[in-house]
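Quick check, what structure comes out for this input:
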Amino acid sequence: MKWLLILAVLLVACSGPDIPTEPTNHVQQIPEEIPPEVEAMKLESNFEHNSDMPRELTCQGEDLSPHLKWSGVPKETKSFALRIFDPDAPGDGWVHWQVYNIPRASTGFEKGTYEGSQVPNDFGKEDYGGPCPPSGKHKYVHTLYALDVEELEDVTKDNFLEKIGAHTIDKAELIGLYEKS
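All right, here's what the predicted structure looks like:
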């Protein structure tokens, strides 16, 4: 008797749903507007990534800060910070420029200009100090940070990365190269 009950349960369980014998006309609905792909944050200049920087941006030229533009910024961004660093310099590398409290509305800097607040670099000045490697070709890492705060306070040369890092949403890098002639 138990086996009849088990057989009945198995037959019901294996019978599955009814399958229609007539074709159906189901059309997949396609949205009228396809949302744009999420763009990665990007930092650009008048030199290509991993290529030589123009002489005018260096100690052998006019020592002008580079033209920079950025895009693909996260919606949550409230301000930016920028750092230019030479990891190939003797010691622990060389800071060429650190700028913070760059307004959210900013989309870049023209050559020789900036917005925001600066802290001293390894040249001992707040303003941009261009590439001037003692020997060989060096990398100059330009890093733009998208931050979740409008303003940072008490930022110094020594705590710049700590203060910025605590509020970074996203970042973009551009590497320029330079060798003195």
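
Any regions of the protein where pLDDT drops low?
1-38 (pLDDT under 70).

Give me the residues contacting stretch 58-67.
45-47, 53-57, 97, 108-114, 127-132, 142, 176, 178, 180-181 (CB atoms under 8 Å, 6 or more residues apart in numbering). Glycine gets a C-beta too; all of them are placed from N, C-alpha and C.

With stretch 109-125 instead?
For stretch 109-125, using CB under 8 Å, 6+ apart, the contacting residues are 46, 56-57, 62, 64-68, 79-82, 94-103, 106, 126-129, 155-157, 160.

And the buried ones among the contacts of stretch 58-67, selectable in PyMOL?
One line in PyMOL is enough to select the buried members of the contacts of stretch 58-67, burial here meaning 16 or more other CB atoms under 10 Å:
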select buried, resi 45+47+53+54+57+97+108+109+114+128+129+130+131+132+142+176+178
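
burial of Thr58, as a residue count?
By other CB atoms under 10 Å, 23 other residues sit near Thr58.

what's the distance between the closest residue to Glu56 other than its chain neighbours and Tyr100?
Excluding the flanking residues, the one nearest Glu56 by CB to CB, 6 or more residues apart in numbering is Glu62, at 4.7 Å. The gap separating Glu62 from Tyr100 is 25 Å, by CB to CB, to the nearest Å.

Who has more neighbours out of the two?
The neighbour comparison of Glu62 against Tyr100 (other CB under 10 Å) goes to Tyr100, with 24 against 13.

Which strand residues bridge the more buried one?
Ser117 (DSSP bridges).

so it makes contact with Glu162?
No - Tyr100 is beyond contact range of Glu162, at 12.0 Å (criterion: CB atoms under 8 Å).

that older thread, just the buried subset of the contacts of stretch 109-125, please.
57, 64-68, 79-82, 94-102, 106, 128-129, 155, 160.

Which ones among these map onto helices?
Judged by DSSP state H, helices contain the following of the buried ones among the contacts of stretch 109-125: Phe160.

Could you list the buried residues of the helix or strand that His142 is a member of?
Per DSSP states H and E, His142 falls inside strand 138-147. Within strand 138-147, the residues that count as buried by 16+ other CB under 10 Å are 138-147.
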